[in-house]
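Chemist: Starting from these lines, generate the structure:
(2 chains)
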Number of protein chains: 2
Amino acid sequence: MSELRKDPIVGRWVIIAPDRAKRPEDYTQEFRVAPGNFCPFCEGNEFATANEILAYRQPGSERNGKGWRVRVIPNKFPALQVEGSLNKRGDGIYDVMNGVGAHEVIIECPQHHVDMSQQTVETIREVLWVYRDRLVDLKRDQRLVHGMIFKNKGAPAGASLEHSHSQLIVTPVVPITVAEEMKGSHDFYHFRGRCIYCDMVHQELNAGARIVVDTPLFVAFCPFASRFPFETWIVPKHHSSHYESIQRPAIEDLGSVLKGVLGRLEAALDNPAYNFVLHTAPFDTVDLKHYHWHIEIFPRLTRVAGFEWGSGFYINSVPPEEAGKFLREVELDAPTHARFAV
Amino acid sequence: MSELRKDPIVGRWVIIAPDRAKRPEDYTQEFRVAPGNFCPFCEGNEFATANEILAYRQPGSERNGKGWRVRVIPNKFPALQVEGSLNKRGDGIYDVMNGVGAHEVIIECPQHHVDMSQQTVETIREVLWVYRDRLVDLKRDQRLVHGMIFKNKGAPAGASLEHSHSQLIVTPVVPITVAEEMKGSHDFYHFRGRCIYCDMVHQELNAGARIVVDTPLFVAFCPFASRFPFETWIVPKHHSSHYESIQRPAIEDLGSVLKGVLGRLEAALDNPAYNFVLHTAPFDTVDLKHYHWHIEIFPRLTRVAGFEWGSGFYINSVPPEEAGKFLREVELDAPTHARFAV
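Modeler: Next up is the predicted model:
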């Protein structure tokens, strides 16, 4: 079983997961997604995966058979396992617990060659419902405190299979990025009595320069202190700390916004690899006034992240105002459109 | 001029440096270091760089000419510039200042095809003296508060030139990784009255399992909560917060340790790309009891960092005990030696 270990200085938790070394790409420096090979995520190949955890299916279709629209399965090489006790313990100055949690894969559609941006808005909305359903289900487990949904698209972003999919890692500790956001937004709330994300939405809408998409319920913008070229956040306009409390009108709107933002990034940057990460409040909190769920999207355009993750000092060569303007003005329906050029 | 912008939620500073977009690799997804092309860092090609800031030279050799052993020049595409005022200012909830600072390149030796691990111990010691000299010089500038020395080796680690070199970025703010270490170690000191790094050195030496190299003045080990396979830290045994206060005996020892650790990583992992980052206390502090300078080394074996830097949740498939044992037992002088295998 894997272990969760805490860095005693900065409080960052790390998953030590020896079983993951079986992943073929783990020790090759140049891993490529092999196109055209057998894909366990394609419709008809359900036998090649573990039993499905959830699927949205056509009436009458059978579990682990054809006829699904969105399908959730356990990760074949899970970083964390559902069985067992946490067995929290100390080792001198170090803290450690068993790697209990969940690691699931959300297969977003039955077809192999359809990226998320090319899926129908209805499909993306169903994927967003699945995200919610899985969080609602897993937060009933008292051992677990946080669910992080993310997507790796393309080999440079860490994807090991081409077929469009997202992942969910549910952990018994709060990931440090969310913990830092919780602390920073709590400090701001304590001082100002307002949610800093709400303030940010307000200021971004007033400024306009970094806006990518603006709808009744959501705003997408390139953040003022973007770490990466074309980094884009999607933030709900109405305050909400927990993604899993999302309602139908917001899902409807978010589906369009996510498709629009990904389409714009792909049009502007010639189909880049990207990651997105959904940041939401811990399970063991209720309706926080200071925290605000959101989605952070990072195109993987450069490989200069080495120094950056060591130092925390990001160097971004594209001002977010320039990225925002470019993405805002992309004509998605034009037969040809401008690419962002150096 | 570039700008320093602060993320208002977590307090991370980002450098927005549009001039860096001129770097040819910035928008290519598969950048490679081109071997065999003209190298501005080679002896005899000094004309191709800006004027040198510092060089250790043979007696009688001329500035910006041949005859140097270690040479420091300004980065051709600097993220920060030495000239100008900070002009700290606010923009609603955002904080911003001019990109004042220094961005220098330390060319570690005159020869092209000599990686740091292959350099003589004397050369590495001179490089370590240069690191010290540059920090001592730059900390006299009252606008600047931190100096971060780092090395990118190989294209996957972000190196844009093959010739062995390190870099120095001196900033008017403290990078968030160091700020978090300062805070975490301060909290620990407040509670326990001891330096947490000293405690860690003590515990690692007692445990032994994660030790890579142990000398009179330094210990190198794979940290308990390693983020990456074969992550290795070099920590001085005697408490010291500021690298620039290092003395001759420590430089002598550190030169051997650094060469030994890099050699072991290269032997075990078949010459991997890597980054190292020297973490040291801010300029505007004096002899801190809670902080402890150290070097963090990360081989770049996998490309799964996408999700990781978004979430702060690192998944490491090689337990540090296993990595430590392997590195400790590498026979550096053997004609052939074992490689780490999956």
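
Chemist: going forward, measure contacts between C-alpha atoms and count neighbours the same way
Modeler: OK.

Chemist: quick one, helices of the stretch 1-150 of chain A?
Modeler: Remark: helices assigned in the stretch 1-150 of chain A by DSSP state H, counting those that start in this stretch are A:121-138.

Chemist: Now A:I73: closest residue in space that isn't a chain neighbour?
Modeler: Residue nearest to A:I73 in three dimensions, not counting chain neighbours: A:E52, with 4.5 Å by Cα to Cα, 6 or more residues apart in numbering or on different chains.

Chemist: and the gap between the residue in the stretch 151-300 of chain A that chain B sits nearest to and A:R71?
Modeler: For the stretch 151-300 of chain A, the nearest residue to chain B under the criterion Cα to the nearest Cα is A:G158, separated by 4.5 Å. With distances taken as Cα to Cα, to the nearest Å, A:G158 is found 21 Å from A:R71.

Chemist: Equivalent analysis for A:L86, please.
Modeler: Noted for A:L86: a distance of 28 Å to A:R71, by Cα to Cα.

Chemist: Which of these two has more residues huddled nearby?
Modeler: Under the neighbour definition other Cα atoms under 10 Å in any protein chain shown, A:L86 and A:R71 were set side by side, and A:R71 has more, 24 against 17.

Chemist: so where's chain A uncertain?
Modeler: A:19-36, A:303-307, A:334-338, A:341-342 (pLDDT under 70).

Chemist: the residue most distant from the middle of it, which is it?
Modeler: No residue in chain A sits farther from the centre than A:G92, which is 34.7 Å out by Cα atoms, centre = their mean.

Chemist: Name the residues that touch stretch A:84-93?
Modeler: If you take Cα atoms under 8 Å, 6 or more residues apart in numbering or on different chains as the criterion, stretch A:84-93 is touched by A:P8, A:D95, A:V96, A:M97, A:N98, A:G99, A:V100, A:R143, B:D199, B:M200, B:Q203.

Chemist: And for stretch A:188-200?
Modeler: By Cα under 8 Å, 6+ apart, the residues outside stretch A:188-200 that reach it are A:S185, A:K237, A:H238, A:H239, A:K289, A:H290, A:Y291, A:H292, B:P8, B:I9, B:I93.

Chemist: out of the residues you listed, which are buried?
Modeler: Neighbour counting with 16 or more other Cα atoms under 10 Å in any protein chain shown marks A:S185, A:K237, A:H239, A:K289, A:H290, A:Y291, A:H292, B:P8, B:I9 as buried within those.

Chemist: Might you report the residue contacts of the fifth one?
Modeler: Under the criterion of Cα under 8 Å, 6+ apart, the contact partners of A:H290 comprise A:M182, A:S185, A:H186, A:F188, A:Y189, A:R194, A:C195, A:I196, A:S241.

Chemist: Nearest spatial neighbour of it, chain-adjacent residues omitted?
Modeler: By the measure of Cα to Cα, 6+ apart, the closest residue to A:H290 outside its immediate chain neighbours is A:C195, 4.6 Å from it.

Chemist: Count the residues that sit near the residue nearest to A:I73.
Modeler: Applying the criterion other Cα under 10 Å, we find 17 residues in the vicinity of A:E52.

Chemist: Quick check, it in contact with A:W68.
Modeler: No: because the distance of 10.7 Å does not satisfy Cα atoms under 8 Å, A:E52 is recorded as not touching A:W68.

Chemist: And the residue nearest to A:H290, how close does it get to A:V201?
Modeler: Applying Cα to Cα, the value for A:C195 to A:V201 is 10 Å.

Chemist: which residues touch the closest residue to A:I246 other than its chain neighbours?
Modeler: The shortest distance from A:I246 to any non-neighbouring residue, by Cα to Cα, 6+ apart, is to A:R132 (7.5 Å). In this structure, A:R132 makes contact with A:Y243, A:E244, A:S245, A:I246, judged by Cα under 8 Å, 6+ apart.

Chemist: Pull out the buried positions in stretch A:172-190.
Modeler: Burial within stretch A:172-190, assessed by neighbour count using 16+ other Cα under 10 Å, is assigned to A:172-189.

Chemist: Confirm that A:C198 sits in a helix.
Modeler: Yes: A:C198 forms part of a helix when assessed by DSSP: H, G, I helix; E, B strand; the rest coil.

Chemist: quick one: which of the contacts of A:H290 sit in helices?
Modeler: Among the contacts of A:H290, the subset assigned to helices under DSSP state H consists of A:M182, A:S185, A:H186, A:F188, A:Y189, A:I196.

Chemist: Could you give the number of residues near the last one?
Modeler: For A:I196, the number of neighbouring residues by other Cα under 10 Å comes to 23.

Chemist: Just put the contacts of A:H290 in JSON lines and tack on distance to B:A220.
Modeler: JSON lines is the format used below for the contacts of A:H290 (distance: Cα to Cα, whole Å):
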{"residue": "A:M182", "distance to B:A220": "34"}
{"residue": "A:S185", "distance to B:A220": "37"}
{"residue": "A:H186", "distance to B:A220": "38"}
{"residue": "A:F188", "distance to B:A220": "40"}
{"residue": "A:Y189", "distance to B:A220": "42"}
{"residue": "A:R194", "distance to B:A220": "46"}
{"residue": "A:C195", "distance to B:A220": "44"}
{"residue": "A:I196", "distance to B:A220": "42"}
{"residue": "A:S241", "distance to B:A220": "42"}
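
Chemist: quick one: which of those is nearest B:V121?
Modeler: Closest approach to B:V121 among these (Cα to Cα): A:M182, at 46.5 Å.

Chemist: how far away is that closest one from A:H190?
Modeler: For A:M182, the distance to A:H190 equals 12 Å [Cα to Cα].

Chemist: Next: A:L135.
Modeler: A:L135 sits 28 Å away from A:H190, taking Cα to Cα as the criterion.

Chemist: for A:R63, same thing?
Modeler: Distance, A:R63 to A:H190, using Cα to Cα: 49 Å.

Chemist: likewise A:F38?
Modeler: Counting by Cα to Cα, the separation of A:F38 from A:H190 is 54 Å.

Chemist: swap in A:H165?
Modeler: 39 Å.

Chemist: Can you tell me the closest non-neighbouring residue to A:R125?
Modeler: Counting by Cα to Cα, 6+ apart, the residue nearest A:R125 is A:G255, at 4.9 Å.

Chemist: I figured the one you found hits A:Q119, correct?
Modeler: No: taking contacts as Cα under 8 Å, A:G255 lies outside contact range of A:Q119: 10.3 Å.

Chemist: more neighbours, these two?
Modeler: Neighbours were tallied for A:G255 and for A:Q119 using other Cα under 10 Å; the higher tally belongs to A:G255 (20 against 17).

Chemist: for the more buried one, helix, strand, or coil?
Modeler: With three-state DSSP as the basis, A:G255 sits in helix.

Chemist: and the stretch 51-200 of chain A, which residues reach chain B?
Modeler: For the stretch 51-200 of chain A, the residues in contact with chain B under the definition Cα under 8 Å from any Cα of the partner chain are A:79, A:92-94, A:148, A:150-152, A:155-159, A:175-178, A:180-181, A:183-185, A:196, A:199-200.

Chemist: So which of those are in strands?
Modeler: Applying DSSP state E to those, the entries found in strands are A:Y94, A:M148, A:F150, A:K151, A:N152.

Chemist: contacting residues around the second one?
Modeler: Spelled out, it's A:M148. Listed by Cα under 8 Å, 6+ apart, the contact set of A:M148 reads A:L168, A:I169, A:V170, A:V277, A:L278, A:H279, A:T280, B:S311.

Chemist: now those residues as CSV including distance to B:V213?
Modeler: Formatted as CSV, the contacts of A:M148 follow (distance: Cα to Cα, whole Å):
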residue, distance to B:V213
A:L168, 39
A:I169, 36
A:V170, 37
A:V277, 38
A:L278, 41
A:H279, 40
A:T280, 42
B:S311, 32
